[in-house]
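1. Sequence unavailable; structure follows:
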């Protein structure tokens, strides 16, 4: 039996439909789908925690002084701005932010 899927190596923020296909040695084939939802968390560096480093990472991305990833755009406006770093910092401090 072989099983394959069309999942991306890294899931983008939002919904992604993944199609799984299974085929046996007789050539019988079936497919199913699953929706994977990735939400913005503010954990920009991917260490599993929301820390001040996440705000710094986003800020450096905004300044063009460090690597950027889609995760830096935490407010979802399609670009990395100072508001993204502020949003992460507010969440880190326990204040209302765009991540609520």
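-> Arrived safely, thanks for sending. This one's a predicted model, so the numbers in the text were calculated from it and none came from an experiment.
2. After the helix or strand harbouring residue 36, which helix or strand is next? Please name it.
-> For residue 36, the host element (DSSP states H and E) is strand 29-38. Following strand 29-38 in sequence order, the next helix or strand is helix 52-63 (DSSP H and E).
3. Now do that next one: which elements does it pack against?
-> Here helix 52-63 touches helix 82-92, going by 3 or more CB pairs under 8 Å, 6 or more residues apart in numbering; DSSP states H and E. For glycine as for every other residue, the C-beta is placed from the backbone atoms N, C-alpha and C.
4. Just checking the distance from the helix it packs on to the centre of its chain.
-> Centroid displacement of helix 82-92 relative to its chain, using CA atoms, centre = their mean, to the nearest Å, is 16 Å.
5. Which residues does it contact?
-> 42, 44, 50-52, 54-56, 58-59, 61-62, 72-75, 77, 96-100 (CB atoms under 8 Å, 6 or more residues apart in numbering).
6. List of residues touching stretch 39-54?
-> 13, 57-58, 69, 71-72, 74-76, 87-89, 91-92, 97, 99.
7. Near residue 62, how many other residues are there?
-> By the other CB atoms under 10 Å criterion, the neighbourhood of residue 62 contains 19 residues.
8. hang on, isn't it packed against residue 80?
-> Yes: contact criterion CB atoms under 8 Å: residue 62 and residue 80 qualify, at 5.1 Å.
9. Tell me the buried residues within the contacts of helix 82-92.
-> 42, 44, 50, 54-56, 58-59, 61-62, 72-75, 97-99 (16 or more other CB atoms under 10 Å).
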